[in-house]
Every structure is written in C-alpha cells, then in structure tokens.
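In: A structural model of the following input is requested.
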Amino acid sequence: MSELPPLFTPFSLRGVTFPNRITLAPMCQYQAIEGVPNDWHRAHHGRYATSGIGCAIVESTGISREGRISPGCTGIYNDEQVEAWKPITALYRAQGIPVFMQINHAGAKASTKRPWDGMDPLDEGSDEPPWQTVAPSAIPAREGWHTPRALHESEMAGVAADFAAAAKRALAAGFDGVQIHGAHGYLLHSFMSPWSNRREDGYGGTLEGRMRLPVEVARAVRAAVPDDVPVMYRASCVDGEGGGLTLDDTVALSKELKAAGVDLMDCSGGGIPAGMRLAAMKTGPGFQVPYAHRIREEVEIPSMAVGMITEPQLANEIIAEGKADMVALARQMLREPAWPYRAAQELGLEDPASILPKLYAFYLKIAA
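Out: As a prediction, the model looks like this:
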C-alpha cells in the first residue's frame, strides 16, 4: 500500500478525528428567515456532505438576533433554529464528516443588507428594519455606516454567556464542535484592533485589555462544552492597511486562547478598517499561510490555513511542510464541489474514489 499524501492523512482534535485535512470554510448564504436555515441550506450542504472533505464549518451564525450580520443570516439563539440545523448536521454525520458551527456576533458590522443589495447598512427605508449595533467604541465600521453603541463594561459577561449558550445549542443541533469567529471586523476582532477599540477601561488600551473579551469568550465556550468537543477560533491575524493589529498581537492572543482551551487557530486576515476588503490584501496563492505557520510554530497549537488555496499541490505542500494542520477552501469549493476527488487523483492517492460515498465510488471505479 502506497503512502498517503499528507493532505489525505487523518487528523484529530480532542474526541474528533477528521478523515483528511480538507475543510469547507464558512460561507454566508444570506438565505435564512429569522435565523432559521431552510431548503437552500440543506441543498447547499448536501453538495459538500458527499464531496470527500474532511471537515465542514457552516456559515457565520448569530449568537443573538442582534448579532447577525444581516436579516438573512442564520442564528443559533432559539429552539426553532436548533431543530432546523439538525437535518443539515445529519447529512454530514451520515458520511462520517465532522461538522462545526461558526458562532459569531457581528458587532458594528451587523444590521446590513445582503451583499447583492449592496451590503450597506439597513435604514428606515429598507424592506427590513435596522437594529442598534454594538462595538467596543462608538466608531462606525466605515464612513456613513451606523454608529454603534459602545458596550458597557457590565455587558461583557453577557456577551460571553451568549457565545457559551450558542455553543451548547450547536451541540444539541448535532454539530461536532464550534468555531468562535474572531475575524473580519466582527465584534471580537473589533475588540482586538486598536483602530476600533478606543476604550480606556479594562477592555481596551493595552494588548492585554484588548484581548480580554475574546479570551473570556473562549473560556466561557470551553466551559460550556464537554472535554472531548473541539473549540476552534478564527482570527484576523492582521488588520487591513491602517488598522493597527499586528501578527505579534495575534501570536500573543493565540497563547492566551490556547490556555483558555482553544484547540486550533484558523488564520485569516483583514476586515478592519471595513473599507479595506480582504481582496485588496490578496498577493497570491496561499498569501495567509505564513500566519498559520508562525502561530503553529511559536504557540505550538494546531492551525488552519485559508486564502487562495485553490490547487491540490499547494494544499498538500502546506500540510507536508508543517505550515498548518488543515487547509480551508471556500470559493474554490463553490466552483468545484468535487475538488477533493480531483486532489486525490492529482496527488496520487492509491484509490481516489475511496474518499467519496460508496455509491459514487462504485460507479467511478467501474468507469475508470
């Protein structure tokens, strides 16, 4: 039997084993009604439950109604949403694919229109009413956007409690673990960034103060789930141009998160200032891999690489060279839901069809 390509070796976090290192990255669909996923989400995830991936992370899901990015975003703050997620997690479980929920509070970037409607802030003339946004400081995410209300120090425990409650509901819905969203300009990232956090109390100022809420959230989530359940954290490792958050800051945060019980760092970037889109930072394939590599090496915590990883050879090299433990794909999986099968073929997996459901594998083998 030939040696497995590194991309197709199993990987474990706590009580969960991933059959390979390929992860479906979270992709917001903006199709929910009052936070409840529906037929669209079931069809969307059905494509990937049969694709041969090793892990799926579902879209940014609000820990509260006000924490959603838009009115079309999914939620995990009531029992109806828990029940609606169960058929989706069942799709993945039937194929032996671990599935995680990304739990989020959108902060100053909440209460926005869907992308194809401009993703501008909702206003009184919108079909759907706006809601009050919150942030570390009363600074709009970008010029002309809602001015968020600065959270009071007494409200921080409630934010952590909402994340913890969301994690419990995610497990009740059949998820294998959760990913805390601390990236892309949303609430936890906005506390980390000196551009958006101008506080002078214990939740701002120094790096220790700015990372306080993210760490408290991680501790609350870890305490809310069983010991064998993995907790991931997605970080914007650097801000956009002019934002002020550095990779050194994120290395320090990662150390604290590891101590708080986080099991893997998903290393992304950008989102603050909000006008600097991640697209402007894309310098080439795997442009964010150095973030995952440095955090993995210095913090000695598993990491996930994401960002313009579109070719199997690059994905395999990232794992083979120890630059990350997992790789995540989003748009490439939209373009090519069978990407894992192509990767298995190109990387010389002895039986490429074996990563697929038996029905698919059977027909692919007899047609070969």
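In: what's around the closest residue to residue 201 other than its chain neighbours, how many residues?
Out: Sequence neighbours aside, residue 153 is the residue nearest to residue 201 in space, at 5.5 Å (criterion: CB to CB, 6 or more residues apart in numbering). Yep, even glycine has a C-beta here, placed from its N, CA and C like the rest. Counted with other CB atoms under 10 Å, the neighbours of residue 153 add up to 12.
In: For the stretch 251-368 of the chain, which segments count as strands?
Out: Counting by DSSP state E, counting those that start in this stretch, the stretch 251-368 of the chain has strands at residues 264-268, 303-306, 326-329.
In: Now render those as CSV, adding mean neighbour count.
Out: Below are these laid out as CSV (neighbours: other CB atoms under 10 Å):
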stretch, mean neighbour count
strand 264-268, 29
strand 303-306, 26
strand 326-329, 26
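In: Just put those strands in a markdown table and tack on mean pLDDT and distance to residue 73.
Out: Shown next, in a markdown table, are these (pLDDT from 0 to 100; distance: least, CB to CB, whole Å):
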| stretch | mean pLDDT | distance to residue 73 |
| --- | --- | --- |
| strand 264-268 | 98 | 18 |
| strand 303-306 | 98 | 20 |
| strand 326-329 | 98 | 20 |
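In: Please convert these to JSON lines, extending it with distance to residue 26.
Out: Shown next, in JSON lines, are the strands of the stretch 251-368 of the chain (distance: least, CB to CB, whole Å):
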{"stretch": "strand 264-268", "distance to residue 26": "9"}
{"stretch": "strand 303-306", "distance to residue 26": "10"}
{"stretch": "strand 326-329", "distance to residue 26": "8"}
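In: surely residue 333 meets residue 24?
Out: Yes: at 5.8 Å, residue 333 counts as touching residue 24 under the criterion of CB atoms under 8 Å.
In: The two: who's more crowded?
Out: Shown here are residue 333 and residue 24; by other CB under 10 Å, residue 24 has more neighbours (27 against 23).
In: ok, then the element right after the helix or strand where residue 80 lies?
Out: Assessed by DSSP states H and E, residue 80 sits inside helix 79-94. Going down the chain from helix 79-94, the next helix or strand is strand 99-104, by DSSP H and E.
In: quick one: low-confidence parts of the stretch 251-368 of the chain?
Out: The stretch 251-368 of the chain contains residues with pLDDT under 70 at 274-282, 367-368.
In: can you map out the helices along it?
Out: 289-299, 312-320, 331-335, 339-346, 358-367 (DSSP state H, counting those that start in this stretch).
In: Overlap in contacts, residue 333 and residue 24.
Out: Common neighbours of residue 333 and residue 24, using CB atoms under 8 Å, 6 or more residues apart in numbering, are 48, 51, 53.
In: Not counting sequence-adjacent ones, nearest residue to the first one?
Out: The one in question is residue 48. Leaving aside its sequence neighbours, residue 48 sits nearest to residue 24 (CB to CB, 6+ apart; 5.1 Å).
In: tell me the contacts of residue 243?
Out: Counting by CB under 8 Å, 6+ apart, residue 243 makes contact with 193, 194, 195, 272, 273, 276.
In: On the pLDDT front, check the nearest residue to the second one once chain neighbours are set aside for me.
Out: Same thing as residue 194. Nearest residue to residue 194, sequence neighbours excluded (CB to CB, 6+ apart): residue 244, at 4.1 Å. Looking at residue 244, its pLDDT stands at 93.
In: Centroid-wise, who is the farthest residue in this protein?
Out: Largest separation from the mean C-alpha position in the chain: residue 366, at 38.0 Å (CA atoms, centre = their mean).
In: ok so, going back, okay if I get the contacts of residue 243 as CSV plus distance to residue 209 and neighbour count?
Out: CSV is the format used below for the contacts of residue 243 (distance: CB to CB, whole Å; neighbours: other CB atoms under 10 Å):
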residue, distance to residue 209, neighbour count
193, 13, 22
194, 10, 18
195, 15, 19
272, 17, 30
273, 21, 21
276, 24, 18
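In: farthest-separated two in these?
Out: In these, two members sit farther apart than any others by CB to CB. They are 194 and 276, at 14.9 Å.
In: gap between the residue farthest from the centre of the chain and residue 360?
Out: 12 Å (CB to CB, to the nearest Å).
In: isn't residue 201 right next to residue 154, touching?
Out: No: using CB under 8 Å, residue 201 is not in contact with residue 154; the gap is 10.7 Å.
In: coming back round to it: of the shared contacts of residue 333 and residue 24, which is the most crowded?
Out: Tallying neighbours with other CB under 10 Å puts residue 53 at the head of these, with 27 neighbours.
In: hang on, isn't it packed against residue 23?
Out: Yes: because the distance of 6.7 Å satisfies CB under 8 Å, residue 53 is recorded as touching residue 23.
In: if we can go back for a sec, might you report the residue contacts of the residue nearest to residue 201?
Out: 201, 202, 203.
In: How about residue 255?
Out: Residues near residue 255 by CB under 8 Å, 6+ apart: residue 299.
In: Residue 201 and residue 154: which is more packed in?
Out: More crowded of residue 201 and residue 154, by other CB under 10 Å: residue 201, with 12 against 7.
In: can I assume the more buried one sits in a helix?
Out: No: counting by DSSP: H, G, I helix; E, B strand; the rest coil, residue 201 is not part of a helix but coil.
In: I'd like to know how far it sits from residue 164.
Out: Between residue 201 and residue 164 the distance is 23 Å, computed by CB to CB.
In: Same check on residue 142?
Out: In this view, residue 142 and residue 164 are 30 Å apart by CB to CB.
In: Neighbour count for these two, which is higher?
Out: Between residue 142 and residue 164, counting by other CB under 10 Å, residue 164 is the more crowded of the two (21 against 16).
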